[in-house]
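K.L.:
pasting the sequence and the predicted coordinates here, then a few questions.
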Amino acid sequence: MASDELDDDQKKGLFSKVTEPFHTVPCTRTAYLHGFASGLLSGVSTFLFTSNVRKASNLGVVTFALIMPGSFFYCRWKNFKKELEKQRSTPATIAPWRPDDESSDVINEMKET
């Protein structure tokens with residue numbers, strides 16, 4: 001029976017282990033999509049204007065390498081600012097401590113000893 005109940009890590013296949021960061025880390029998917037699209041667009045447009053494959057592919061890779069982390073950090077920064085604004089907008093709900101009858105009896109007993 002114990003062999004039937006495998007851990008989650010053992011049940012996962014190779015593909016799901018590789019793609020897990022895309023689902024768990026916020027902004028990863030959009031950053032890769034922005035980087036891929038901008039790299040592809042810049043590479044194809046450079047090839048259409050220059051007809052130089054090497055130059056076009058180099059520019060596409062460089063564009064991907066610059067846009068992807070930039071998009072990722074901008075998205076994370078935007079989410080951080082949103083959470084910070086949400087925390088600032090919620091009022092403090094901590095009330096001052098007032099001992100009730102039972103706790104005041106305990107405190108008085110502690111003072112007497």
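P.N.:
Nice, I can see it. Numbers count the residues shown, from 1 in each chain.

K.L.:
G35 touches Y74, doesn't it?
P.N.:
No. In this structure, G35 is not within contact of Y74 by CB atoms under 8 Å, at 12.0 Å. From N, CA and C alone the C-beta is placed, and that goes for glycine too.

K.L.:
who has more neighbours, these two?
P.N.:
G35 (20 against 14; other CB atoms under 10 Å).

K.L.:
what's the spacing between the more buried one and L59?
P.N.:
13 Å (CB to CB, to the nearest Å).

K.L.:
with T50 instead?
P.N.:
Distance from T50 to L59, by CB to CB: 9 Å.

K.L.:
for P69, same thing?
P.N.:
17 Å.

K.L.:
same check, this time on L48
P.N.:
Distance of L48 to L59, given as CB to CB: 12 Å.

K.L.:
other SSEs contacting the longest helix along the chain?
P.N.:
Longest among the helix segments of the chain by residue count, using DSSP state H, is helix 53-89. Helix 53-89 sits against helix 28-50, with contacts defined as 3 or more CB pairs under 8 Å, 6 or more residues apart in numbering; DSSP states H and E.

K.L.:
pretty sure S42 is touching V61, no?
P.N.:
No. With contact defined as CB under 8 Å, S42 does not reach V61; the gap is 9.6 Å.

K.L.:
neighbour count winner among these two?
P.N.:
Neighbour count, other CB under 10 Å: between S42 and V61, S42 has more, with 18 against 13.

K.L.:
how many other residues sit next to the closest residue to the more buried one other than its chain neighbours?
P.N.:
Nearest residue to S42 in three dimensions, chain neighbours excluded: T63, at 4.3 Å (CB to CB, 6 or more residues apart in numbering). T63 has 20 neighbouring residues, counting by other CB under 10 Å.

K.L.:
for G39, give me its contacts.
P.N.:
G60, V61, T63, F64, I67 (CB atoms under 8 Å, 6 or more residues apart in numbering).

K.L.:
ok, so of those residues, who is nearest S16?
P.N.:
F64 (24.4 Å; CB to CB).

K.L.:
give me the neighbour count for the closest one.
P.N.:
With other CB under 10 Å as criterion, F64 counts 20.

K.L.:
sweet, I'm off.
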